[in-house]
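J.: heads up, no residue letters with this:
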C-alpha cells in the first residue's frame, strides 16, 4: 500500500501496469534497448568490414593476377622481339694468348708425332679461332701476339725458325734480313690479331701478357657481367695490369673465374704411308722461295742471321730415341728384369732414308686436331 496523490490523497493499491510506466522501469528498458541497438550496430559494422575486406582481397588478387599475366606476356613479347638485341648487348669475347697457343701446338706435335721443329706454329690460331666462332659461338675473338712473330728476324718469326724449317706458303722475305708472316699479316688486316712490340715496350717480354690482361679486365668492368674468357695455359703469376689499379686480390679473383686452360689433341700421322714426292714443301731451299736479287741461293749469314728472341735460339727439339726404358722391378723370390718397348711407326719423324718429315707445315686437312677448353 502506498499513498498516492500527496496530502489528502486516497490510498490505493499499485498495479503491474502502473509499475511498468514508472521512471526506473523506463530507464532499464531504454538501457536494454540501447544495448541491443549497439550490438546490432557493432555486428553490422563488423559484417560490413568483413565484407569489404573480402571484396578488397578478391579484387586485389584479381588485379594481381591480371597484372602478372600482362607482365608475363609483356616480358615474353619483349624477349621474343628483342632477343637478338639482348644477345648482342652481352657480346661474349675471347682473348687468346697467341704466343702461348702457338707454342702449345708445337709441343703437342712433338708429343704425338715426335716432330722435330721447335718453333711457334700459326696453325694453332686457326684451330682456336674456329673453335670459339663455331663451337662456343663467341661473337668476337681477339688474339694477342708479339710483333716479331709477324715481322722481324727469321729465328723469332712464327712459322720461321731457319732457312730449312720455314713454311714457304706463309713466310716471305722482305729484305735487309727481315721476314714477314703473310698469314699473320692477314689476321691483322682482318682485325683478329693485335701485335705487341716487346722490344720497344717498357714491360719487356711480359708486354703481350699484360696487354691481354689489361684489355680483358677493363672490358669486364665496363660490361659488368662475366662475358670474357682469357685463353692461356699461363697462370700469369706476378702480373697485375694497370686497369686493376693495384688491387691484386680483386684481379686474382677475376682471373680465376676468367682464365681457361686448354689442350691440343693431335692424332698420329703415319709417315711411312706418304711417298717422298708427296711430302709438303718446307724451307727456302730447292726453289721453294725465290732468292733475293743478286743471289743465286739463300745464305744464312746474309738473310737469316741473328734472332729476335736471344734467350732461346734453338729451332729443333733434341731428337728422341725410338724406345723407352722402364725401371727394373725386383720381385721377392724372383729375378728382376727390364723391358724395352718400341714406339709405333706413326711416331717416327724420319723415312727410311733418314730424312725428317715436316709435321709443322701439314695443313689442318691432313691432321686430325682436337682443341679442348678446360673448365
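T.: All right, it came through fine. These figures come from a predicted structure and were not determined experimentally.

J.: Find the residue ranges of the stretch 251-375 of the chain scoring beneath the pLDDT cut-off.
T.: The model of the stretch 251-375 of the chain has pLDDT under 70 over residues 310-311, 319-354.

J.: ditto for the stretch 51-200 of the chain
T.: The low-confidence ranges in the stretch 51-200 of the chain, as defined by pLDDT under 70, are 51-90.

J.: can you give me the strands in it?
T.: Taking DSSP state E, counting those that start in this stretch as the criterion, the stretch 51-200 of the chain contains strands spanning 93-97, 140-146, 151-152, 171-173, 179-181, 193-196.

J.: Identify whichever of those lies nearest to residue 114.
T.: Residue 114 lies closest to strand 171-173 among the strands of the stretch 51-200 of the chain, at 23.5 Å (CB to CB). Just so you know, the C-beta spots here come from the backbone N, C-alpha and C atoms, and that holds for glycine as well.

J.: buried sites along the closest one?
T.: For strand 171-173, the neighbour count (16 or more other CB atoms under 10 Å) marks 171, 173 as buried.

J.: Need the residues that contact it.
T.: The set of residues external to strand 171-173 that reach it, using CB atoms under 8 Å, 6 or more residues apart in numbering, is 154, 157, 159-160, 179-182, 284, 289, 292, 303.

J.: Now flag whichever of those is closest to residue 104.
T.: With CB to CB as the yardstick, the closest approach to residue 104 among the contacts of strand 171-173 comes from residue 159, at 15.2 Å.

J.: distance of that closest one from residue 26?
T.: Using CB to CB, to the nearest Å, residue 159 is found at 121 Å from residue 26.

J.: Can you flag the buried ones in the contacts of strand 171-173?
T.: Looks like the contacts of strand 171-173 have 154, 157, 159-160, 179-181, 284, 289, 303 buried, using 16+ other CB under 10 Å.

J.: Make JSON lines out of the residues you listed and add distance to residue 274.
T.: Rendered in JSON lines, the data for those read as follows (distance: CB to CB, whole Å):
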{"residue": "154", "distance to residue 274": "27"}
{"residue": "157", "distance to residue 274": "27"}
{"residue": "159", "distance to residue 274": "21"}
{"residue": "160", "distance to residue 274": "24"}
{"residue": "179", "distance to residue 274": "28"}
{"residue": "180", "distance to residue 274": "30"}
{"residue": "181", "distance to residue 274": "26"}
{"residue": "284", "distance to residue 274": "22"}
{"residue": "289", "distance to residue 274": "23"}
{"residue": "303", "distance to residue 274": "30"}
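
J.: which one of the residues you listed is nearest residue 357?
T.: Closest approach to residue 357 among the buried ones among the contacts of strand 171-173 (CB to CB): residue 159, at 16.6 Å.

J.: What spatial separation is found between that closest one and residue 169?
T.: The spacing between residue 159 and residue 169, counted by CB to CB, is 9 Å.

J.: Now for these two: what residues contact both?
T.: Counting by CB under 8 Å, 6+ apart, the common neighbours of residue 159 and residue 169 are residue 361.

J.: Now, the buried ones among the contacts of strand 171-173 that are in helices?
T.: Taking DSSP state H, the ones among these that sit in helices are residue 303.

J.: First residue to last residue on stretch 154-161, what's the distance there?
T.: Taking CA to CA, to the nearest Å, stretch 154-161 runs 6 Å from one end to the other.

J.: Correction: the previous question concerned stretch 144-155.
T.: 20 Å.
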